[in-house]
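Trainee: For reference, the sequence and a predicted model appear below.
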Amino acid sequence: MELRDLKSFIEVVIHQSFTKAAAHSYLSQPSFSKAVKKLEEELNVELFDRSTRHLRLTDAGQIVYEQAQKALESLSEITNLLDDLKNVVSGEIKIGIPPLIGRLFFPNIARRIQEKYPNVSLHLVERGAKLIGQLVENGQVDLGIIVLPADTSKFNVQPFITDEFVLYVHKKHPLAIRSTVDISELKEEKFILFSEEFTLHDYIKTVCIEAGFIPEVSYQSSQWDLILELVSSEFGVTLLPKSIYHKQNNPNVQIVPIAEPTLHWRLGIITKKEAYHSFALREVLKMF
């Protein structure tokens, strides 16, 4: 059963004549007759009572007519709904984000999205940056915000924010009064790091190794505020993005800039390559 045959049948019913239906369209009368005959053969029923002067629907024809109208109305509704979707962006977007990045930047992201697209709901999934990449690749989240670099063979990558790392120490630590500090000067220190599922764990270790030593890790945590509490309690030092300092209010924690070269914290937004992007997701990505 084809849509064009149903449309032809409805036209004949509306005009109560094959001739009039043809006159009001770009099709010939034989085309209408052929379409109706095809429907009757497929459904194994007679749609019109042809024994009278004027066309009349049979009982079966009435049923087909009513259901055909409903079917075509539903199909036309698809276009209307898609137009609404494009004009009034709606839907749900799943965002994968590490807790640290979420605490620092998500409230502002969410506010901007809700102000511009109030019909878009956000579902936040918090994991370490390593796991966020897997979630995006597996289609479990629509977009992820991670620490760069990212695998450009798998992801569309859009730079987001760049920050710099600084040293966090207790205010009574000997290095707290310094204007800058070299990474190599930290080889005797005990480090408090994010746990191994976080990209920052590997990054800090790599930075220290490049400076000539393997860092002694005294504590690991998935929570940046706990890391700073441990620094405040003089259990060690840590390297974290500078923007964190403005989010914490512990008076015992002091930051010291890193001497050249500056250590950068580059964040990016990733989406899976060649994956379908909803209208809502496409519009939201334009905001970054």
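Mentor: That came through fine. Here the structure is a predicted model, which is why all the values come from computation and not from measurement.

Trainee: where does the protein have low pLDDT?
Mentor: Residues of the chain meeting the criterion pLDDT under 70: 80-81, 83-88.

Trainee: tell me what the longest helix along it is packed against?
Mentor: Of all segments of type helix in the chain, defined using DSSP state H, the longest is helix 59-87. Counting contacts by 3 or more C-beta pairs under 8 Å, 6 or more residues apart in numbering; DSSP states H and E, helix 59-87 is packed against helix 3-15, helix 29-43. (Each C-beta comes from the backbone N, C-alpha and C, glycine too.)

Trainee: a helix runs through Ala176, doesn't it?
Mentor: Yes. Counting by DSSP: H, G, I helix; E, B strand; the rest coil, Ala176 is found in a helix.

Trainee: Work out the gap between the helix or strand containing Gly133 and the centre of the chain.
Mentor: Taking DSSP states H and E as the definition, one finds Gly133 inside helix 129-137. In terms of C-alpha atoms, centre = their mean, to the nearest Å, the gap separating the centre of helix 129-137 from the centre of its chain is 12 Å.

Trainee: just stretch 38-58 next, same as before
Mentor: On C-alpha atoms, centre = their mean, the centre of stretch 38-58 falls 52 Å from the chain's centre.

Trainee: Buried ones in it, by neighbour count?
Mentor: Across stretch 38-58, burial judged by 16 or more other C-beta atoms under 10 Å covers 39-40, 47-48, 55, 57.

Trainee: Contacts made by that stretch with the rest, please.
Mentor: With contact meaning C-beta atoms under 8 Å, 6 or more residues apart in numbering, stretch 38-58 is reached by 1, 5-6, 9, 12-13, 16-18, 36, 60-61, 64-65.

Trainee: again, only using 7 Å
Mentor: 1, 5, 9, 13, 16-17, 36, 60-61, 64-65 (C-beta atoms under 7 Å, 6 or more residues apart in numbering).

Trainee: how about those in CSV, adding neighbour count?
Mentor: Output for the contacts of stretch 38-58, formatted as CSV (neighbours: other C-beta atoms under 10 Å):
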residue, neighbour count
Met1, 11
Asp5, 18
Phe9, 24
Val13, 22
Gln16, 13
Ser17, 17
Val36, 23
Ala60, 15
Gly61, 23
Val64, 21
Tyr65, 18
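
Trainee: ok, so of those residues, who is nearest Trp265?
Mentor: Met1 (60.3 Å; C-beta to C-beta).

Trainee: Nearest to Ala23 among the buried residues of stretch 38-58?
Mentor: Leu55 (14.7 Å).

Trainee: so who does Phe213 touch?
Mentor: Lys187.

Trainee: quick one: it and Glu189, what's the gap?
Mentor: Using C-beta to C-beta, to the nearest Å, we find Phe213 at a distance of 10 Å from Glu189.

Trainee: Could you do Ser195 as well?
Mentor: As judged by C-beta to C-beta, Ser195 and Glu189 stand 19 Å apart.

Trainee: Show me which of these two is the more surrounded one.
Mentor: Under the criterion of other C-beta atoms under 10 Å, the comparison of Ser195 against Glu189 puts Glu189 first, with 19 against 13.

Trainee: got the residue ranges for the strands in the chain?
Mentor: Secondary structure of the chain (DSSP state E): strands at 48-49, 56-57, 91-97, 120-126, 143-147, 155-170, 190-194, 216-221, 238-241, 253-257, 264-272.

Trainee: TSV for those, including distance to Lys70?
Mentor: Below are the strands of the chain laid out as TSV (distance: least, C-beta to C-beta, whole Å):
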stretch	distance to Lys70
strand 48-49	20
strand 56-57	16
strand 91-97	27
strand 120-126	31
strand 143-147	38
strand 155-170	41
strand 190-194	58
strand 216-221	60
strand 238-241	58
strand 253-257	67
strand 264-272	38
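
Trainee: Run through the residues that contact the residue minimising distance to the centre of the chain.
Mentor: Geometric centre of the chain, nearest residue: Asp142, 2.9 Å, by C-alpha atoms, centre = their mean. Asp142 makes contact with 93-95, 271, 281, according to C-beta under 7 Å, 6+ apart.
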